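Student: Next one to model:
(one chain, ligands or ions: 1)
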Amino acid sequence: MTILNKQLPVNKADFPSLNNQLMLSSCSQSAPPQAVFDGLQAYQETLINQGMNWTAWMEKVESAKRKFAELINADLEEIAVLSTVSDAISSVINTLPFDSDDEVVVTELDFPCVGQVLQSLNLRENVPVTFIPETDHTIDSKSFEKYITPKTKLICVPHVSYYNGALQDLASISRIAKENGSLLFVDAYQSAGAVPIDVKEMGVDILVTGIQKYLMGIPGITFLYMKKELSSQLTPAVTGWFGQSNPFAFDVKGVDYADKTRRFNTGTPSIVNAYAAEQALDYILEVGISEIETYLKGLSSHALTYAKAKGFTVMSPQDVEKKAPTTAIYVENANEVEEKMRAKGIIVSARKDVIRVAPHIYNTEDDITLAIDTLAEVVNEQS
Ligand SMILES: Cc1ncc(COP(=O)(O)O)c(C=O)c1O
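Tutor: Numbers count the residues shown, from 1 in each chain. The predicted model follows:
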């Protein structure tokens with residue numbers, strides 16, 4: 001695919017979901033580009049016109065993985081494909097061997113599924129779980145220094161918080177983890193597509209993300225990165241025929257795990273999702289992640305300034321360098337406010353006590369101004 005004009009913002013006409021509404025919900029669901037709908041259509045055509053085509057389907061899955069590997073600077077063999085982030089985390093956590101004095105550390109900013117998977121480990125295997133507390137919805141590097149100890153086998157951290165877009169400095173957390181002999185696990189679901197990720201440079205051991213949020217795709221597919229030096233030593237607890245060297249050997253008695261992280265594949269991948277993911281990743285790679293980051297920082301800064309000027313309390317970090325594009329604005333009855341905004345044609349996303357304004361490269365400062373003005377109207381109507 002070639003985007004003829006890479007000028008940001010990109011043209012809204014290339015995003016069918018923007019015909020009828022203003023979308024500022026990339027922390028939950030972005031507007032997919034037309035290319036994603038073309039990908040879905042292409043899968044449908046293989047069913048209608050070819051009946052089945054395993055070769056083409058598997059090539060599509062490989063191609064999506066290759067593009068994801070490029071996005072995060074990993075090798076293709078270091079990527080597995082699963083369905084949800086929760087599945088990927090469960091697979092990793094249940095596979096890692098824990099000794100009797102090992103501990104795991106997670107943050108209060110993590111998405112609930114991370115804490116829930118770790119607590120299931122604790123219930124079954126008594127591995128102690130420590131939560132690093134947040135202060136004002138962020139965690140600074142001193143807290144990581146305090147809570148990561150030589151007993152820490154694994155530290156789990158969200159690259160970007162789902163609640164307010166708080167951005168973590170992965171390189172510095174990795175340094176603390178390495179000094180203590182801990183593995184670093186990153187949930188990148190809120191950063192992938194908006195913020196550059198280089199797993200090698202940042203020293204990340206394991207990373208997971210789906211594509212529904214800033215990667216402009218749809219739910220149903222998740223990429224798991226695990227560095228090859230680690231995955232090669234592990235026997236996956238969650239496995240299946242696609243985790244074998246040759247899934248098509250059909251050897252019911254044989255177990256021959258695939259090389260490196262491929263062994264974390266399970267059953268037939270979600271092929272329709274791979275068609276969507278390949279197009280979404282292609283789109284992001286073609287625009288360029290550092291161009292996207294720079295553009296979105298401008299919108300992020302405008303959202304911070306304008307929300308405060310309208311008298312709102314902003315629950316995101318106030319420094320644009322310490323946050324991703326999502327800006328969290330405190331409101332009462334956030335779910336109700338989200339529905340009222342939807343009725344006015346503006347899609348934003350509620351979590352707990354905030355409305356998240358989460359722009360992408362099809363949005364402009366004017367979109368954010370309009371959304372925050374409308375939010376003020378809705379809140380005033382309520383009081
Ligand atoms: C940061 C983060 N991690 C994990 C999840 C959950 O992903 P899944 O539903 O694929 O398990 C979400 C979903 O919103 C999220 O924002």
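Student: hey, where'd the strands end up in the stretch 51-200 of the chain?
Tutor: Remark: strands assigned in the stretch 51-200 of the chain by DSSP state E, counting those that start in this stretch are 79-82, 103-107, 129-132, 152-158, 183-187.
Student: okay if I get those as TSV plus mean neighbour count, mean pLDDT and distance to R356?
Tutor: C-beta coordinates here come from the backbone N, C-alpha and C atoms, glycine included. As requested, the strands of the stretch 51-200 of the chain are exported to TSV (neighbours: other CB atoms under 10 Å; pLDDT from 0 to 100; distance: least, CB to CB, whole Å):
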stretch	mean neighbour count	mean pLDDT	distance to R356
strand 79-82	26	98	26
strand 103-107	24	98	19
strand 129-132	17	98	22
strand 152-158	23	98	14
strand 183-187	25	98	17
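Student: Find the nearest non-adjacent residue to the residue nearest the centre of the chain, please.
Tutor: With distances taken as CA atoms, centre = their mean, the chain has Y189 as the residue nearest its mean C-alpha position (1.1 Å). Leaving aside its chain neighbours, Y189 sits nearest to T209 (4.8 Å; criterion: CB to CB, 6 or more residues apart in numbering).
Student: If the one you found is in a bridge, with which residues?
Tutor: T209 has these beta-bridge partners by DSSP bridges: F223.
Student: Report how many residues lie close to it.
Tutor: 27 (other CB atoms under 10 Å).
Student: Check the average confidence over stretch 58-76, would you?
Tutor: Stretch 58-76 carries an average pLDDT of 98.
Student: Going by neighbour count, list what's buried in that stretch.
Tutor: 58, 60-65, 67-69, 71-72, 74 (16 or more other CB atoms under 10 Å).
Student: Look up how far the ligand lies from E278.
Tutor: As judged by CB to the nearest ligand atom, to the nearest Å, E278 and the ligand stand 18 Å apart.
Student: same deal with V238?
Tutor: 14 Å.
Student: rewinding a little: of all the buried residues of stretch 58-76, which comes closest to C156?
Tutor: In terms of CB to CB, no member of the buried residues of stretch 58-76 lies closer to C156 than I72, at 17.3 Å.
Student: Grab the nearest non-local neighbour of the closest one.
Tutor: Leaving aside its chain neighbours, I72 sits nearest to I197 (4.6 Å; criterion: CB to CB, 6+ apart).
Student: Enumerate every residue touching the one you found.
Tutor: I197 sits next to L71, I72, N73, H159, A188, S191, V204, L207, I289 when contact means CB atoms under 8 Å, 6 or more residues apart in numbering.
Student: Need those residues in a markdown table (columns: distance to Q318).
Tutor: Converted to a markdown table, those look like this (distance: CB to CB, whole Å):
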| residue | distance to Q318 |
| --- | --- |
| L71 | 29 |
| I72 | 29 |
| N73 | 30 |
| H159 | 19 |
| A188 | 23 |
| S191 | 19 |
| V204 | 27 |
| L207 | 28 |
| I289 | 24 |
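Student: Close to the ligand: what parts of the stretch 101-250 of the chain are there?
Tutor: Within the stretch 101-250 of the chain, the positions near the ligand by CB under 6 Å from any ligand atom are F111, C113, P158, Y162, D187, Y189, Q190, G210, T222.
Student: sorry, back to before: and the residue nearest to Y189, what does it touch?
Tutor: Applying CB under 8 Å, 6+ apart, the residues contacting T209 are V85, D187, A188, Y189, S191, A192, L215, T222, F223.
Student: That's all I had, so thanks and see you.
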